[in-house]
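> this one's structure only:
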DNA sequence: CCCCCTACAAACCGCTTGGTATGTACCAAT
DNA sequence: ATTGGTACATACCAAGCGGTTTGTAGGGGG
(Lines give C-alpha, C1' and ligand atoms only; values in the text may rest on other atoms or scores of the structure.)
Protein backbone atom coordinates (compact mmCIF):
# COMPACT_ATOMS: atom_id res chain seq x y z
CA UNK A 1 0.00 0.00 0.00
CA UNK A 2 1.00 3.58 -0.55
CA UNK A 3 2.51 5.87 2.00
CA UNK A 4 -0.67 8.01 2.31
CA UNK A 5 -0.51 9.85 5.61
CA UNK A 6 -3.62 9.69 7.75
CA UNK A 7 -2.89 13.00 9.39
CA UNK A 8 -2.95 11.90 13.01
CA UNK A 9 -3.65 15.13 14.86
CA UNK A 10 -1.36 16.05 17.71
CA UNK A 11 -1.97 14.08 20.85
CA UNK A 12 -4.60 15.48 23.14
CA UNK A 13 -6.11 12.66 25.17
CA UNK A 14 -8.25 14.90 27.34
CA UNK A 15 -9.76 16.55 24.28
CA UNK A 16 -10.55 13.14 22.83
CA UNK A 17 -12.11 12.10 26.11
CA UNK A 18 -14.34 15.13 26.18
CA UNK A 19 -15.36 14.64 22.58
CA UNK A 20 -16.39 11.12 23.54
CA UNK A 21 -18.32 12.33 26.56
CA UNK A 22 -20.14 14.98 24.59
CA UNK A 23 -21.00 12.63 21.74
CA UNK A 24 -22.11 9.94 24.17
CA UNK A 25 -24.29 12.40 26.03
CA UNK A 26 -26.02 13.56 22.87
CA UNK A 27 -26.61 10.05 21.60
CA UNK A 28 -27.79 8.73 24.96
CA UNK A 29 -30.05 11.73 25.40
CA UNK A 30 -31.79 10.97 22.12
CA UNK A 31 -31.93 7.18 22.07
CA UNK A 32 -31.50 6.14 25.66
CA UNK A 33 -28.42 4.46 27.08
CA UNK A 34 -29.08 0.89 26.04
CA UNK A 35 -30.16 1.83 22.55
CA UNK A 36 -27.27 4.23 22.08
CA UNK A 37 -24.92 2.65 19.59
CA UNK A 38 -21.20 2.87 20.23
CA UNK A 39 -20.60 3.18 16.52
CA UNK A 40 -22.97 6.13 16.37
CA UNK A 41 -21.21 7.75 19.32
CA UNK A 42 -17.82 7.21 17.70
CA UNK A 43 -18.99 8.64 14.39
CA UNK A 44 -20.33 11.68 16.18
CA UNK A 45 -17.14 12.12 18.14
CA UNK A 46 -14.97 11.54 15.09
CA UNK A 47 -12.82 8.89 16.73
CA UNK A 48 -12.70 5.11 16.66
CA UNK A 49 -13.16 2.24 19.02
CA UNK A 50 -9.51 2.21 19.87
CA UNK A 51 -9.92 5.63 21.43
CA UNK A 52 -13.07 4.68 23.28
CA UNK A 53 -11.68 1.55 24.84
CA UNK A 54 -8.48 3.31 25.69
CA UNK A 55 -10.36 5.85 27.82
CA UNK A 56 -13.16 3.65 29.14
CA UNK A 57 -13.21 -0.03 30.06
CA UNK A 58 -16.70 -0.59 28.64
CA UNK A 59 -19.95 1.04 27.65
CA UNK A 60 -21.25 1.19 31.20
CA UNK A 61 -18.22 3.16 32.36
CA UNK A 62 -18.80 5.65 29.58
CA UNK A 63 -22.37 6.00 30.84
CA UNK A 64 -21.25 6.61 34.41
CA UNK A 65 -18.84 9.29 33.21
CA UNK A 66 -21.59 10.96 31.20
CA UNK A 67 -23.70 11.18 34.35
CA UNK A 68 -20.90 12.44 36.56
CA UNK A 69 -19.05 14.72 34.21
CA UNK A 70 -21.76 16.03 31.90
CA UNK A 71 -25.32 15.61 33.09
CA UNK A 72 -24.78 16.30 36.77
CA UNK A 73 -23.00 19.58 36.18
CA UNK A 74 -25.54 20.65 33.60
CA UNK A 75 -28.42 20.03 35.96
CA UNK A 76 -26.86 21.67 38.96
CA UNK A 77 -26.01 24.71 36.90
CA UNK A 78 -29.53 24.96 35.58
CA UNK A 79 -31.32 24.51 38.87
CA UNK A 80 -28.90 25.66 41.52
CA UNK A 81 -26.84 28.28 39.74
CA UNK A 82 -29.38 31.02 39.71
CA UNK A 83 -30.72 29.95 43.08
CA UNK A 84 -27.43 30.17 44.93
CA UNK A 85 -26.56 33.44 43.24
CA UNK A 86 -29.81 35.07 44.26
CA UNK A 87 -30.02 37.33 47.29
CA UNK A 88 -33.80 37.04 47.61
CA UNK A 89 -35.51 34.80 50.11
CA UNK A 90 -35.48 31.14 49.04
CA UNK A 91 -39.16 30.97 48.12
CA UNK A 92 -38.85 33.96 45.82
CA UNK A 93 -35.56 32.71 44.49
CA UNK A 94 -37.01 29.28 43.71
CA UNK A 95 -39.95 30.89 41.98
CA UNK A 96 -37.51 32.91 39.92
CA UNK A 97 -35.70 29.74 38.95
CA UNK A 98 -38.97 28.12 37.88
CA UNK A 99 -39.95 31.15 35.86
CA UNK A 100 -36.55 31.32 34.25
CA UNK A 101 -36.77 27.65 33.33
CA UNK A 102 -40.23 28.18 31.88
CA UNK A 103 -39.05 31.19 29.92
CA UNK A 104 -36.00 29.55 28.42
CA UNK A 105 -37.48 26.28 27.22
CA UNK A 106 -36.11 24.85 24.01
CA UNK A 107 -37.89 22.57 21.58
CA UNK A 108 -35.37 19.86 22.36
CA UNK A 109 -36.09 20.11 26.05
CA UNK A 110 -39.79 19.51 25.42
CA UNK A 111 -39.10 16.64 23.10
CA UNK A 112 -36.38 14.90 25.07
CA UNK A 113 -37.09 15.83 28.65
CA UNK A 114 -34.53 15.86 31.43
CA UNK A 115 -31.42 13.84 30.58
CA UNK A 116 -30.82 12.87 34.19
CA UNK A 117 -34.36 11.68 34.66
CA UNK A 118 -34.21 9.75 31.39
CA UNK A 119 -31.16 7.84 32.50
CA UNK A 120 -32.57 7.36 35.98
CA UNK A 121 -35.80 5.86 34.74
CA UNK A 122 -34.12 3.63 32.21
CA UNK A 123 -31.11 2.38 34.09
CA UNK A 124 -31.91 2.43 37.80
CA UNK A 125 -33.50 -1.01 37.86
CA UNK A 126 -30.90 -2.53 35.55
CA UNK A 127 -27.55 -1.41 36.91
CA UNK A 128 -26.98 -0.65 40.56
CA UNK A 129 -23.88 1.43 39.93
CA UNK A 130 -25.72 3.43 37.35
CA UNK A 131 -28.45 4.02 39.88
CA UNK A 132 -26.01 5.23 42.52
CA UNK A 133 -24.32 7.68 40.16
CA UNK A 134 -27.67 9.06 39.07
CA UNK A 135 -28.96 9.22 42.62
CA UNK A 136 -25.88 11.15 43.70
CA UNK A 137 -26.73 13.82 41.14
CA UNK A 138 -30.33 13.92 42.29
CA UNK A 139 -29.20 14.13 45.89
CA UNK A 140 -27.00 17.10 45.11
CA UNK A 141 -29.99 18.76 43.50
CA UNK A 142 -32.30 18.03 46.42
CA UNK A 143 -29.63 19.16 48.86
CA UNK A 144 -29.24 22.44 47.03
CA UNK A 145 -32.95 23.15 47.37
CA UNK A 146 -32.99 21.93 50.97
CA UNK A 147 -30.10 24.16 51.99
CA UNK A 148 -31.80 27.18 50.48
CA UNK A 149 -34.99 26.40 52.35
CA UNK A 150 -33.15 25.82 55.60
CA UNK A 151 -31.44 29.15 55.19
CA UNK A 152 -34.86 30.66 54.76
CA UNK A 153 -36.06 28.96 57.90
CA UNK A 154 -33.12 30.37 59.83
CA UNK A 155 -33.82 33.83 58.42
CA UNK A 156 -37.54 33.61 59.06
CA UNK A 157 -38.64 33.73 55.45
CA UNK A 158 -39.73 30.09 55.34
CA UNK A 159 -42.14 28.32 57.67
CA UNK A 160 -40.37 26.34 60.32
CA UNK A 161 -43.06 23.69 60.62
CA UNK A 162 -42.08 21.99 57.38
CA UNK A 163 -39.27 19.54 56.72
CA UNK A 164 -36.99 21.37 54.29
CA UNK A 165 -35.53 18.16 52.91
CA UNK A 166 -38.93 16.64 52.27
CA UNK A 167 -40.14 19.81 50.62
CA UNK A 168 -37.01 19.89 48.47
CA UNK A 169 -37.58 16.31 47.39
CA UNK A 170 -41.16 17.10 46.50
CA UNK A 171 -40.21 20.13 44.46
CA UNK A 172 -37.64 18.14 42.51
CA UNK A 173 -40.14 15.34 41.98
CA UNK A 174 -42.84 17.74 40.81
CA UNK A 175 -40.42 19.45 38.45
CA UNK A 176 -39.20 16.18 36.97
CA UNK A 177 -42.73 14.87 36.69
CA UNK A 178 -43.75 18.03 34.91
CA UNK A 179 -40.95 17.67 32.40
CA UNK A 180 -41.88 14.05 31.89
CA UNK A 181 -45.57 14.68 31.32
CA UNK A 182 -44.87 17.58 28.99
CA UNK A 183 -42.49 15.39 27.04
CA UNK A 184 -45.18 12.74 26.62
CA UNK A 185 -47.76 15.35 25.64
CA UNK A 186 -45.27 17.35 23.57
CA UNK A 187 -46.67 20.41 25.25
CA UNK A 188 -44.61 23.37 26.32
CA UNK A 189 -47.70 25.07 27.66
CA UNK A 190 -48.42 22.14 29.96
CA UNK A 191 -44.90 22.34 31.29
CA UNK A 192 -45.20 26.05 31.88
CA UNK A 193 -48.54 25.61 33.58
CA UNK A 194 -47.12 22.94 35.85
CA UNK A 195 -44.08 24.99 36.78
CA UNK A 196 -46.41 27.85 37.57
CA UNK A 197 -48.46 25.60 39.81
CA UNK A 198 -45.31 24.51 41.55
CA UNK A 199 -44.48 28.15 42.14
CA UNK A 200 -47.90 28.53 43.71
CA UNK A 201 -47.19 25.62 46.00
CA UNK A 202 -43.98 27.31 47.10
CA UNK A 203 -45.98 30.38 48.05
CA UNK A 204 -47.53 28.29 50.81
CA UNK A 205 -44.11 27.90 52.39
CA UNK A 206 -43.94 31.51 53.47
CA UNK A 207 -44.56 32.00 57.16
CA UNK A 208 -48.09 33.03 58.13
CA UNK A 209 -47.80 36.44 59.70
CA UNK A 210 -51.38 36.81 60.93
CA UNK A 211 -51.85 36.73 64.67
CA UNK A 212 -52.24 33.19 65.98
CA UNK A 213 -51.36 29.99 64.27
CA UNK A 214 -53.60 28.19 61.86
CA UNK A 215 -53.69 24.47 61.81
CA UNK A 216 -54.44 22.89 58.48
CA UNK A 217 -55.32 19.63 60.15
CA UNK A 218 -58.63 19.62 61.95
CA UNK A 219 -58.63 19.92 65.74
CA UNK B 1 -47.93 -42.13 26.66
CA UNK B 2 -46.81 -44.34 23.93
CA UNK B 3 -47.58 -41.85 21.25
CA UNK B 4 -45.35 -39.04 22.58
CA UNK B 5 -47.18 -36.41 20.64
CA UNK B 6 -46.26 -32.77 21.09
CA UNK B 7 -49.66 -32.10 22.56
CA UNK B 8 -50.72 -29.01 20.65
CA UNK B 9 -53.16 -27.45 23.09
CA UNK B 10 -56.62 -26.80 21.84
CA UNK B 11 -56.91 -23.66 19.76
CA UNK B 12 -57.44 -20.53 21.79
CA UNK B 13 -56.04 -17.55 19.90
CA UNK B 14 -57.31 -14.97 22.36
CA UNK B 15 -55.65 -16.82 25.24
CA UNK B 16 -52.39 -16.90 23.30
CA UNK B 17 -52.72 -13.22 22.57
CA UNK B 18 -53.21 -12.39 26.22
CA UNK B 19 -50.28 -14.55 27.24
CA UNK B 20 -48.18 -12.57 24.78
CA UNK B 21 -49.46 -9.25 26.11
CA UNK B 22 -48.82 -10.23 29.70
CA UNK B 23 -45.34 -11.55 28.99
CA UNK B 24 -44.50 -8.51 26.91
CA UNK B 25 -45.70 -6.20 29.63
CA UNK B 26 -43.56 -7.90 32.26
CA UNK B 27 -40.47 -7.93 30.10
CA UNK B 28 -40.90 -4.36 28.93
CA UNK B 29 -41.60 -3.22 32.48
CA UNK B 30 -38.27 -4.67 33.62
CA UNK B 31 -35.95 -3.95 30.70
CA UNK B 32 -37.62 -1.16 28.78
CA UNK B 33 -39.24 -1.55 25.38
CA UNK B 34 -36.19 -1.37 23.15
CA UNK B 35 -34.14 -3.67 25.33
CA UNK B 36 -36.97 -6.15 25.76
CA UNK B 37 -36.03 -9.22 23.74
CA UNK B 38 -38.72 -10.90 21.70
CA UNK B 39 -37.15 -14.25 22.49
CA UNK B 40 -37.39 -13.50 26.20
CA UNK B 41 -41.03 -12.49 25.82
CA UNK B 42 -41.78 -15.64 23.87
CA UNK B 43 -40.05 -17.83 26.41
CA UNK B 44 -42.03 -16.17 29.17
CA UNK B 45 -45.29 -16.59 27.27
CA UNK B 46 -44.49 -20.16 26.34
CA UNK B 47 -45.13 -19.65 22.64
CA UNK B 48 -42.97 -19.14 19.55
CA UNK B 49 -42.38 -16.49 16.98
CA UNK B 50 -45.00 -17.93 14.73
CA UNK B 51 -47.63 -17.07 17.31
CA UNK B 52 -46.26 -13.58 17.87
CA UNK B 53 -46.14 -12.61 14.24
CA UNK B 54 -49.53 -14.13 13.66
CA UNK B 55 -51.09 -11.80 16.24
CA UNK B 56 -48.92 -8.71 15.73
CA UNK B 57 -47.28 -7.29 12.61
CA UNK B 58 -44.11 -6.28 14.44
CA UNK B 59 -42.57 -5.46 17.79
CA UNK B 60 -43.88 -1.91 17.81
CA UNK B 61 -47.47 -3.09 17.41
CA UNK B 62 -47.00 -5.40 20.38
CA UNK B 63 -45.81 -2.40 22.35
CA UNK B 64 -48.82 -0.32 21.38
CA UNK B 65 -51.12 -3.15 22.42
CA UNK B 66 -49.36 -3.43 25.77
CA UNK B 67 -50.00 0.26 26.39
CA UNK B 68 -53.63 0.17 25.30
CA UNK B 69 -54.74 -3.18 26.63
CA UNK B 70 -52.60 -3.67 29.72
CA UNK B 71 -50.94 -0.57 31.11
CA UNK B 72 -53.71 1.91 30.48
CA UNK B 73 -56.35 -0.19 32.22
CA UNK B 74 -54.02 -0.93 35.11
CA UNK B 75 -53.30 2.73 35.66
CA UNK B 76 -56.87 3.92 35.38
CA UNK B 77 -57.99 1.23 37.80
CA UNK B 78 -55.31 2.21 40.30
CA UNK B 79 -55.84 5.94 40.15
CA UNK B 80 -59.44 6.43 39.09
CA UNK B 81 -61.20 3.33 40.41
CA UNK B 82 -61.26 4.33 44.04
CA UNK B 83 -61.76 7.96 43.12
CA UNK B 84 -64.87 7.46 41.03
CA UNK B 85 -66.32 5.04 43.54
CA UNK B 86 -65.94 7.46 46.41
CA UNK B 87 -68.84 9.58 47.61
CA UNK B 88 -66.63 12.08 49.42
CA UNK B 89 -65.73 15.48 48.00
CA UNK B 90 -63.00 15.25 45.34
CA UNK B 91 -60.22 16.68 47.48
CA UNK B 92 -60.86 14.17 50.22
CA UNK B 93 -61.31 11.41 47.69
CA UNK B 94 -58.02 12.25 45.98
CA UNK B 95 -56.27 12.31 49.32
CA UNK B 96 -57.73 8.90 50.04
CA UNK B 97 -56.40 7.63 46.73
CA UNK B 98 -52.93 8.98 47.53
CA UNK B 99 -52.99 7.41 50.97
CA UNK B 100 -54.18 4.14 49.56
CA UNK B 101 -51.39 4.18 47.00
CA UNK B 102 -48.85 4.95 49.70
CA UNK B 103 -50.21 2.19 51.89
CA UNK B 104 -50.18 -0.51 49.23
CA UNK B 105 -46.73 -0.02 47.75
CA UNK B 106 -44.90 -3.11 46.62
CA UNK B 107 -41.16 -3.60 46.38
CA UNK B 108 -41.49 -3.99 42.63
CA UNK B 109 -43.28 -0.68 42.35
CA UNK B 110 -40.42 1.09 44.10
CA UNK B 111 -37.83 -0.64 41.99
CA UNK B 112 -39.53 -0.37 38.61
CA UNK B 113 -41.66 2.74 38.91
CA UNK B 114 -44.74 3.43 36.85
CA UNK B 115 -44.92 1.31 33.70
CA UNK B 116 -46.73 3.99 31.73
CA UNK B 117 -44.23 6.64 32.66
CA UNK B 118 -41.36 4.31 31.83
CA UNK B 119 -42.66 3.73 28.33
CA UNK B 120 -43.51 7.40 27.90
CA UNK B 121 -40.02 8.56 28.82
CA UNK B 122 -38.28 5.98 26.71
CA UNK B 123 -40.41 5.93 23.59
CA UNK B 124 -42.04 9.33 23.20
CA UNK B 125 -39.13 10.93 21.35
CA UNK B 126 -38.47 7.84 19.23
CA UNK B 127 -41.86 6.77 17.92
CA UNK B 128 -44.68 9.19 17.34
CA UNK B 129 -47.37 6.51 17.39
CA UNK B 130 -46.02 5.20 20.64
CA UNK B 131 -46.18 8.69 22.03
CA UNK B 132 -49.78 9.13 21.01
CA UNK B 133 -50.87 5.86 22.56
CA UNK B 134 -49.10 6.70 25.79
CA UNK B 135 -50.44 10.22 25.81
CA UNK B 136 -53.98 8.95 25.34
CA UNK B 137 -53.60 6.95 28.54
CA UNK B 138 -52.19 9.95 30.38
CA UNK B 139 -54.99 12.10 29.06
CA UNK B 140 -57.58 9.67 30.37
CA UNK B 141 -55.88 9.84 33.75
CA UNK B 142 -55.76 13.63 33.77
CA UNK B 143 -59.36 13.82 32.59
CA UNK B 144 -60.47 11.55 35.40
CA UNK B 145 -58.90 13.87 37.97
CA UNK B 146 -60.18 16.95 36.18
CA UNK B 147 -63.75 15.68 36.08
CA UNK B 148 -63.66 14.93 39.79
CA UNK B 149 -62.39 18.43 40.52
CA UNK B 150 -64.97 20.03 38.25
CA UNK B 151 -67.68 18.11 40.03
CA UNK B 152 -66.31 19.50 43.27
CA UNK B 153 -66.38 23.00 41.83
CA UNK B 154 -70.00 22.54 40.85
CA UNK B 155 -70.83 21.22 44.32
CA UNK B 156 -68.89 23.95 46.07
CA UNK B 157 -66.27 21.69 47.66
CA UNK B 158 -63.45 22.89 45.40
CA UNK B 159 -62.32 26.44 44.80
CA UNK B 160 -63.70 27.87 41.58
CA UNK B 161 -60.73 30.15 40.94
CA UNK B 162 -58.49 27.31 39.81
CA UNK B 163 -58.33 25.58 36.44
CA UNK B 164 -59.37 22.02 37.19
CA UNK B 165 -57.58 20.63 34.15
CA UNK B 166 -54.35 22.37 34.99
CA UNK B 167 -54.54 21.20 38.58
CA UNK B 168 -55.23 17.67 37.40
CA UNK B 169 -52.19 17.77 35.13
CA UNK B 170 -50.05 19.03 37.98
CA UNK B 171 -51.23 16.31 40.34
CA UNK B 172 -50.49 13.63 37.77
CA UNK B 173 -47.09 15.15 37.08
CA UNK B 174 -46.24 15.38 40.77
CA UNK B 175 -47.33 11.79 41.33
CA UNK B 176 -45.30 10.49 38.40
CA UNK B 177 -42.32 12.55 39.41
CA UNK B 178 -42.56 11.18 42.92
CA UNK B 179 -42.58 7.62 41.65
CA UNK B 180 -39.64 8.39 39.43
CA UNK B 181 -37.52 9.99 42.11
CA UNK B 182 -38.32 7.22 44.56
CA UNK B 183 -37.33 4.67 41.96
CA UNK B 184 -33.97 6.37 41.49
CA UNK B 185 -33.43 6.64 45.20
CA UNK B 186 -34.90 3.20 45.88
CA UNK B 187 -36.80 4.80 48.71
CA UNK B 188 -40.34 3.93 49.66
CA UNK B 189 -40.27 6.50 52.43
CA UNK B 190 -39.42 9.25 49.97
CA UNK B 191 -42.36 8.23 47.82
CA UNK B 192 -44.69 8.20 50.80
CA UNK B 193 -43.42 11.59 51.92
CA UNK B 194 -43.98 13.03 48.48
CA UNK B 195 -47.48 11.62 48.17
CA UNK B 196 -48.23 13.10 51.58
CA UNK B 197 -46.96 16.49 50.40
CA UNK B 198 -49.16 16.22 47.36
CA UNK B 199 -52.10 15.54 49.65
CA UNK B 200 -51.20 18.72 51.50
CA UNK B 201 -51.20 20.62 48.25
CA UNK B 202 -54.70 19.33 47.53
CA UNK B 203 -55.84 20.73 50.86
CA UNK B 204 -55.28 24.17 49.43
CA UNK B 205 -57.93 23.50 46.82
CA UNK B 206 -60.75 23.62 49.33
CA UNK B 207 -62.76 26.83 49.20
CA UNK B 208 -61.70 29.45 51.72
CA UNK B 209 -64.38 30.25 54.28
CA UNK B 210 -64.01 33.58 55.98
CA UNK B 211 -66.14 32.73 58.97
CA UNK B 212 -64.75 29.53 60.42
CA UNK B 213 -63.91 26.46 58.46
CA UNK B 214 -65.89 23.51 57.35
CA UNK B 215 -65.90 20.96 60.10
CA UNK B 216 -67.78 18.16 58.48
CA UNK B 217 -65.98 15.04 59.48
CA UNK B 218 -66.34 11.92 57.43
CA UNK B 219 -65.43 8.29 57.99
C1' DC C 1 -66.38 -37.36 4.99
C1' DC C 2 -63.02 -33.63 2.98
C1' DC C 3 -61.64 -29.15 2.64
C1' DC C 4 -59.19 -25.13 3.81
C1' DC C 5 -58.22 -21.36 6.42
C1' DT C 6 -56.57 -20.41 11.05
C1' DA C 7 -53.08 -20.72 14.43
C1' DC C 8 -49.38 -21.72 15.43
C1' DA C 9 -44.00 -24.29 15.55
C1' DA C 10 -39.34 -24.48 13.92
C1' DA C 11 -35.65 -23.25 11.28
C1' DC C 12 -33.42 -19.78 9.24
C1' DC C 13 -31.44 -15.03 7.81
C1' DG C 14 -29.04 -10.62 7.44
C1' DC C 15 -27.64 -7.21 10.31
C1' DT C 16 -26.11 -4.77 14.31
C1' DT C 17 -24.15 -4.98 18.64
C1' DG C 18 -20.43 -4.53 22.40
C1' DG C 19 -16.00 -6.04 22.76
C1' DT C 20 -11.13 -7.63 21.31
C1' DA C 21 -6.70 -8.22 18.86
C1' DT C 22 -3.28 -6.19 16.53
C1' DG C 23 -0.72 -2.71 14.41
C1' DT C 24 1.29 1.88 14.50
C1' DA C 25 2.11 6.94 14.85
C1' DC C 26 3.44 10.10 18.43
C1' DC C 27 6.51 11.98 21.97
C1' DA C 28 9.18 12.21 26.26
C1' DA C 29 12.99 10.08 28.42
C1' DT C 30 17.44 8.13 27.92
C1' DA D 1 19.24 7.69 18.01
C1' DT D 2 17.00 4.41 20.27
C1' DT D 3 13.57 3.05 23.31
C1' DG D 4 9.10 2.46 25.36
C1' DG D 5 4.84 3.59 26.88
C1' DT D 6 0.76 6.29 25.44
C1' DA D 7 -2.92 7.09 22.35
C1' DC D 8 -5.06 5.89 19.19
C1' DA D 9 -6.84 3.36 14.07
C1' DT D 10 -8.31 -0.80 11.79
C1' DA D 11 -9.98 -5.23 11.26
C1' DC D 12 -12.28 -8.66 13.19
C1' DC D 13 -15.53 -11.65 16.02
C1' DA D 14 -19.34 -14.25 18.42
C1' DA D 15 -23.74 -13.36 20.08
C1' DG D 16 -28.15 -11.56 19.90
C1' DC D 17 -31.43 -8.95 17.46
C1' DG D 18 -36.09 -8.38 14.79
C1' DG D 19 -38.10 -10.44 11.13
C1' DT D 20 -39.19 -14.13 7.36
C1' DT D 21 -40.04 -18.58 5.43
C1' DT D 22 -41.78 -22.89 5.48
C1' DG D 23 -44.27 -26.59 7.33
C1' DT D 24 -48.23 -28.49 9.72
C1' DA D 25 -51.80 -29.67 13.29
C1' DG D 26 -56.60 -28.16 14.54
C1' DG D 27 -61.29 -27.79 13.72
C1' DG D 28 -65.50 -25.58 11.87
C1' DG D 29 -68.13 -25.41 7.30
C1' DG D 30 -69.46 -27.86 2.94
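Perfect, I can see it now. This is a predicted model, so every value here is computed, not measured.
> Next, find the distance separating residue A:14 from chain B.
The span separating residue A:14 from chain B equals 30 Å under the rule C-beta to the nearest C-beta, to the nearest Å. The way it works is simple: take the backbone N, C-alpha and C, and place the C-beta from them, glycine included.
> now that residue: how far from residue A:73?
Residue A:14 sits 16 Å away from residue A:73, taking C-beta to C-beta, to the nearest Å as the criterion.
> neighbour count winner among the two?
Here residue A:14 and residue A:73 are set side by side on neighbour count (other C-beta atoms under 10 Å in any protein chain shown), and the busier one is residue A:73, at 12 against 9.
> Give me the pLDDT for the more buried one.
At residue A:73 the predicted local confidence, pLDDT, stands at 98.
> quick one: low-confidence parts of chain A?
Under the criterion pLDDT under 70, the flagged ranges of chain A are A:1-10, A:210-219.
> Name the single longest helix found in it.
Looking across chain A with DSSP state H, the single longest helix is helix A:128-155.
> which of the residues in it are buried?
Judged by neighbour count using 16 or more other C-beta atoms under 10 Å in any protein chain shown, the buried positions of helix A:128-155 are A:130-131, A:133-135, A:137-139, A:141-142, A:144-150, A:152-153.
> From the centroid of chain A, which residue is nearest?
Residue closest to the average C-alpha location in chain A (C-alpha atoms, centre = their mean): residue A:75, at 3.5 Å.
> That residue against residue A:137, yeah?
Yes - contact status for residue A:75 versus residue A:137: in contact at 6.3 Å, counting by C-beta atoms under 8 Å.
> The residue in chain A positioned nearest to chain B: which element?
When scored by C-beta to the nearest C-beta, chain A has residue A:177 as its residue closest to chain B, at 2.3 Å. Following DSSP states H and E, the helix or strand that holds residue A:177 is helix A:164-185.
> Identify all contacting residues around the very next helix or strand once past that helix.
Toward the C-terminal end, the helix or strand that comes next after helix A:164-185 (DSSP H and E) is helix A:188-203. Counting by C-beta atoms under 8 Å, 6 or more residues apart in numbering or on different chains, helix A:188-203 makes contact with A:91, A:94-95, A:98-99, A:101-102, A:105, A:110, A:171, A:174-175, A:177-179, A:181-182, B:163, B:166-167, B:169-170, B:173, B:201, B:204, all of which sit outside it.
> before we move on, the earlier item: so what's the residue nearest to the centre of chain A closest to, chain neighbours aside?
When the adjacent residues along the chain are set aside, residue A:75 lies closest to residue A:116, with 5.3 Å between them (C-beta to C-beta, 6 or more residues apart in numbering or on different chains).
> doesn't residue A:138 make contact with the one you found?
Yes - using C-beta under 8 Å as the test, residue A:116 is close enough to residue A:138 to be in contact (7.0 Å).
> Residue A:13: how many residues sit nearby?
Under the criterion other C-beta under 10 Å, the count of neighbours that residue A:13 has is 10.
> Chain neighbours aside, what residue packs nearest to it?
The shortest distance from residue A:13 to any residue that is not its chain neighbour, by C-beta to C-beta, 6+ apart, is 7.4 Å, and that residue is residue A:55.
> Likewise for residue A:171?
Leaving aside its chain neighbours, residue A:171 sits nearest to residue A:145 (5.7 Å; criterion: C-beta to C-beta, 6+ apart).
> Return the distance of the one you found relative to residue A:102.
Using C-beta to C-beta, one gets 17 Å for the distance from residue A:145 to residue A:102.
> Then residue A:161?
29 Å.
> the more surrounded of those two?
When residue A:161 is set against residue A:102 and neighbours are counted by other C-beta under 10 Å, the residue ahead is residue A:102, at 19 against 10.
> circling back to that earlier point, what angle do the longest helix of chain A and helix B:164-185 make?
Relative orientation of helix A:128-155 and helix B:164-185, computed by axes from the mean of the first three to the mean of the last three C-alpha atoms, to 10 degrees: 120 degrees.
> Assign a three-state SS to residue A:63, would you?
Residue A:63 falls in the helix class when you classify it by DSSP: H, G, I helix; E, B strand; the rest coil.
> swap in residue A:35?
coil.
> For it, which non-adjacent residue is spatially closest?
Closest residue in space to residue A:35, ignoring its immediate chain neighbours: residue B:34 at 4.6 Å, by C-beta to C-beta, 6+ apart.
> go on, residue A:129?
In space, not counting the residues next to it along the chain, residue A:129 is nearest to residue A:64; the distance is 6.6 Å by C-beta to C-beta, 6+ apart.
> what's near enough to touch the residue nearest to residue A:75?
Applying C-beta under 8 Å, 6+ apart to residue A:116 gives the contacts A:67, A:71, A:72, A:75, A:134, A:137, A:138.
> Any residue of the helix or strand hosting it touching DNA strand C?
Following DSSP H and E, the helix or strand that holds residue A:116 is helix A:115-123. No - using C-beta under 7 Å from any atom of the strand, helix A:115-123 stays clear of DNA strand C, with a minimum separation of 13.2 Å.
> Give me the distance between that helix and the centre of its chain.
Here the centre of helix A:115-123 is set off from its chain's centre by 10 Å, with C-alpha atoms, centre = their mean, to the nearest Å.
> just stretch A:86-102 next, same as before
Taking C-alpha atoms, centre = their mean, one finds the center of stretch A:86-102 at 17 Å from the center of the full chain.
> and that stretch, anywhere near chain B?
No - judged by C-beta under 8 Å from any C-beta of the partner chain, stretch A:86-102 makes no contact with chain B; its nearest approach is 12.5 Å.
> Now that stretch: buried residues?
By neighbour count with 16+ other C-beta under 10 Å, stretch A:86-102 contains the buried residues A:89, A:90, A:91, A:92, A:93, A:94, A:95, A:97, A:98, A:101, A:102.
> Please list the members of those that lie in helices.
Cross-referencing these against helices under DSSP H gives A:90, A:91, A:92, A:93, A:94, A:95, A:97, A:98, A:101, A:102.
> distance of the fifth one from residue B:150?
Relative to residue B:150, residue A:94 is positioned 30 Å away (C-beta to C-beta).
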